[in-house]
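Engineer: The following block contains a protein sequence and its predicted model.
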Amino acid sequence: MEPKSMSKQLRARRTLIYIFFGILTLLSLIPFIYMLVNSTRSLVQITSGVSLLPGSSLAHNLQILKGYGMNMWQGMGNSAFISIMSTAISVYFSALSAYALTAYDFKGKKIIYGFIIALIMIPGQVSMIGFYKFMIQLNLLDNYIPLILPVICAPASIFFLCEYMSTVYNKDYADSARLDGASELKIFHRIMLPMMKPGLATMGIFGFIFSWNNFMMPLILITNQKLYTLPMQIQVLTANGGGGHVVEWGAVYVGVSIAIAPTILAYLLLSRFIIGGGNAGGVKG
Amino acid sequence: MENTKKSVRKKKSNFEKYNRFGYYFLIPFFVGFLLFTLYPMIYSIAISFTSMNGWQSFADATNVGLQNFITLLTSTPLFMKALGNSVMLWIFTFIPQVLLALILAAWWTNRKLNLKGSGFFKTVFYLPNMIMAASIAALFGGIFGYPTGLANLLLQNLHLINHPFNFFQSVWGTRGIVIFIQFWMWYGQTSIVYIAGITSIDEGLFEAARIDGASDGQIFRRITLPLLRPIVLYTFVTSFIGGLQVFDIPFIMTQGGPQNGVYTLSIFIYNQAFAYRNYGLASAASVLLLIISAVVSILMFRGFRERVNIGGEG
């Protein structure tokens, strides 16, 4: 094999790979483009043909969406509140736990770490019914506390931050602060948290998106329509518009666009954190 | 590093007492674990041995021993169907997902190919994974809608079908859509995990093989795949456990229909508990879910226990 034909063959292979990537790219994007375009088209347009050009019915579709008696802006506010609170809590406490496991030597440390990894594997549905009954006893149905507070114990986040900390932790900083008389908590707040920023950002984004997209827990715990989160509103919308008996698809697409747009925007801005952290532990589908 | 160790040894008596903060800082985690995971789990297990239903409290519920488990396994065809559906949907999702992810990872890490724009493509392929499953269910409900969703319009324009096809009235049509969505949402994530795995393999091994005249295919089969095995195993287990929990997409799209074709284990648990208020039976099903997950996880951890390594030397 002479080098020239080799490189020719290589170039052909690369071209085929790029074509394949192009197909996968279309596959990833077309559903979202279809959704965005159709949220601006009238029902007649949507049902009579496919188009990539936006229509002029966005305002009309928004009006219909409003007519379903659903306030998507309120749903977005609710989802944002829950997601921000739970992200802040899980970032702080997961960092604290990861710091404890990285910086200190104590008996049972390895067992605790192994235990945390094992916890990642336990499906949420296993404790769901007990959790629901427990929240009834505490009178916490239709309350955001059970959707926010449990993230104190977020094994996947702790696992990810432990792995991250093992690459950035340097005992010298802590020791010199100790010599200056700083307390352990102060060392964590003033030195370690800033040092972990990139890892915390990645973990925080995943935590936020997980909470933003979470459907099952709010579905179980929330019954008051005013407290509905976005995924719950999407479900109501689908039940109204979908199920084969087409109502106003334009309105459905507007609603779904409203629910998805913040994620897509955040994703495009922050993708370098996300792709880098894509191998963080966690259960998937 | 040497210096640090020496000075630490010198002041060891001073510093050793700080190590108890390791316990203190783990207190919030353990409180959260006890309250929100362990107690609810034990409560669920306790409920699984009772006939708790309706608005009964735990104290009023009758202890029925293992009756719920016997009922589920011997006389609840819907449970067996849900379990079978979950496993089947997972198999059809996992196999193509792993094959494609392996191919993508092999291409991306192949120095000879030197592919450009990998940042862009990774971002795009990973995108569906970030999107709310509820929204994706609604969106695909529209795309495969009857009679005028995108799929039907396109298939008719291309003259592949003469009449619109009602995907959501066909068991395999609906299953195909659920399988496609799960595959579509996860292959990008899996390929990124595999890329990280391949990148951590010693480059010298590939070099040596190349010098010996091995082809890309041989290198992939003889070096990459065997060394990637623990990571493939890891994705196998997390994906399986995740697969048993699939809920949002089939639930929102068709409530598990048609003919319970995509009625999953999680839909079964949800409906038994929160639609019919059969808490005993639902809890028993969730305990079986725990047992299945635990068995699969333990088998995996036995496979690569030595790889679990705590961060830093302490």
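Structural biologist: Arrived safely.
Engineer: Quick check: which ranges of the chain have low pLDDT?
Structural biologist: Defaulting to chain A. By pLDDT under 70, the low-scoring segments of chain A are A:1-6, A:240-247, A:276-285.
Engineer: my bad, the chain I had in mind was chain B
Structural biologist: B:1-16, B:303-314.
Engineer: Can you show me the helices along the stretch 201-314 of chain B?
Structural biologist: For the stretch 201-314 of chain B, the helices defined by DSSP state H, counting those that start in this stretch occupy B:203-211, B:216-219, B:225-244, B:248-254, B:265-270, B:279-303.
Engineer: which helices and strands does the second one pack with?
Structural biologist: Helices and strands touching helix B:216-219, by 3 or more C-beta pairs under 8 Å, 6 or more residues apart in numbering or on different chains; DSSP states H and E, are helix B:203-211. For glycine as for every other residue, the C-beta is placed from the backbone atoms N, C-alpha and C.
Engineer: in the helix it packs on, what's buried?
Structural biologist: B:206, B:209 (16 or more other C-beta atoms under 10 Å in any protein chain shown).
Engineer: hmm, it touching chain A?
Structural biologist: No - for a cut-off given as C-beta under 8 Å from any C-beta of the partner chain, helix B:203-211 has no contacts with chain A; the smallest distance is 12.9 Å.
Engineer: If you count contacts, what does that helix end up packed against?
Structural biologist: helix B:216-219.
Engineer: Show the end-to-end separation of stretch A:134-148, please.
Structural biologist: Using C-alpha to C-alpha, to the nearest Å, the end-to-end distance of stretch A:134-148 comes to 15 Å.
Engineer: got the contact list for that stretch?
Structural biologist: A:78, A:81-82, A:85-86, A:89, A:131, A:211, A:214, A:217-218, A:221-224, A:227, B:39-40, B:43 (C-beta atoms under 8 Å, 6 or more residues apart in numbering or on different chains).
Engineer: From those residues, list the buried ones, please.
Structural biologist: A:78, A:82, A:85-86, A:89, A:131, A:211, A:214, A:217-218, A:221-222, A:227, B:40, B:43.
Engineer: Looking at those, spot the one nearest B:Arg229.
Structural biologist: Of all the buried ones among the contacts of stretch A:134-148, A:Asn214 has the smallest distance to B:Arg229: 32.9 Å, by C-beta to C-beta.
Engineer: Nearest residue to the closest one in space, please, no chain neighbours.
Structural biologist: With C-beta to C-beta, 6 or more residues apart in numbering or on different chains as the measure, A:Pro231 is the residue that lies nearest to A:Asn214, at 7.0 Å, once sequence neighbours are left out.
Engineer: any idea how far the helix or strand the one you found falls within is from the chain center?
Structural biologist: Following DSSP states H and E, one finds A:Pro231 within helix A:230-241. Put simply, helix A:230-241 sits 19 Å off its chain's centre (C-alpha atoms, centre = their mean, to the nearest Å).
Engineer: May I see the buried residues of that helix?
Structural biologist: Buried residues in helix A:230-241 (16+ other C-beta under 10 Å): A:230-238, A:240-241.
Engineer: That helix packs against which elements?
Structural biologist: Counting contacts by 3+ C-beta pairs under 8 Å, 6+ apart, helix A:230-241 is packed against helix A:72-103, helix A:216-221, helix A:249-276, helix B:133-143, helix B:248-254.
Engineer: Those: which one's closest to B:Gly188?
Structural biologist: That would be helix A:249-276 among those, by C-beta to C-beta, at 9.2 Å.
Engineer: Does that closest one reach chain B?
Structural biologist: Yes - Helix A:249-276 lies within reach of chain B by C-beta under 8 Å from any C-beta, at A:249, A:252-253, A:255-256, A:259-260, A:263-264, A:267-268, A:271-272, A:274-275.
Engineer: Could you tell me the angle between that helix and helix B:133-143?
Structural biologist: Counting by axes from the mean of the first three to the mean of the last three C-alpha atoms, to 10 degrees, helix A:249-276 lies at 130 degrees to helix B:133-143.
Engineer: quick one: buried residues of helix A:249-276?
Structural biologist: Going by 16+ other C-beta under 10 Å, helix A:249-276 has these buried residues: A:249-260, A:262-263, A:266-267, A:270-271, A:273-275.
Engineer: now swap in stretch A:83-100 and tell me
Structural biologist: Buried, per 16+ other C-beta under 10 Å, within stretch A:83-100: A:83, A:85-87, A:89-100.
Engineer: Out of these, which are close to chain B?
Structural biologist: Near chain B, judged by C-beta under 8 Å from any C-beta, the entries from the buried residues of stretch A:83-100 are A:93, A:96-100.
Engineer: between these, which is closest to chain B?
Structural biologist: A:Ala100 (3.6 Å; C-beta to the nearest C-beta).
Engineer: Not counting sequence-adjacent ones, nearest residue to that closest one?
Structural biologist: Leaving aside its sequence neighbours, A:Ala100 sits nearest to B:Phe25 (C-beta to C-beta, 6+ apart; 3.6 Å).
Engineer: so what's that neighbour up against?
Structural biologist: A:96-97, A:99-100, A:104, A:184, A:188.
Engineer: cool, B:Asn152 as well?
Structural biologist: Each residue near B:Asn152 by C-beta under 8 Å, 6+ apart is listed here: B:144-146, B:161, B:164-165.
Engineer: Among those, which pair sits farthest apart?
Structural biologist: Longest span within these, C-beta to C-beta: B:Gly145 and B:Ile161, 14.6 Å.
Engineer: between the two, who's got more neighbours?
Structural biologist: A count of neighbours by other C-beta atoms under 10 Å in any protein chain shown puts B:Gly145 above the other of B:Gly145 and B:Ile161, at 26 against 12.
Engineer: wait, that one sits on A:Trp249?
Structural biologist: Yes - using C-beta atoms under 8 Å, B:Gly145 is in contact with A:Trp249, at 7.3 Å.
Engineer: Scan chain A for its longest helix.
Structural biologist: In chain A, with assignment by DSSP state H, the single longest helix is helix A:3-38.
Engineer: Run the chain-centre distance for that one.
Structural biologist: In this view, helix A:3-38 has its centroid 27 Å away from the chain centroid, taken as C-alpha atoms, centre = their mean.
Engineer: That one close to chain B?
Structural biologist: Yes - where contact is defined by C-beta under 8 Å from any C-beta, part of helix A:3-38 touches chain B, namely A:10, A:13-14, A:17-18, A:21, A:24-25, A:27-29, A:31-32, A:34-35, A:38.
Engineer: Neighbour-wise, give me the winner out of the residues you listed.
Structural biologist: A:Asn38 leads the residues of helix A:3-38 next to chain B on contacts (other C-beta under 10 Å) with 29 neighbours.
Engineer: so who does the closest residue to that residue other than its chain neighbours touch?
Structural biologist: Using C-beta to C-beta, 6+ apart and skipping the chain neighbours, the partner closest in space to A:Asn38 is A:Tyr253 (4.6 Å). Going by C-beta under 8 Å, 6+ apart, A:Tyr253 touches A:35-36, A:38-39, A:46, A:61, B:139, B:142.
Engineer: okay, those in CSV with distance to B:Phe236 next?
Structural biologist: What follows is these, written out as CSV (distance: C-beta to C-beta, whole Å):
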residue, distance to B:Phe236
A:Met35, 33
A:Leu36, 36
A:Asn38, 38
A:Ser39, 39
A:Ile46, 41
A:Asn61, 43
B:Leu139, 29
B:Gly142, 33
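Engineer: Right, I'll leave it there.
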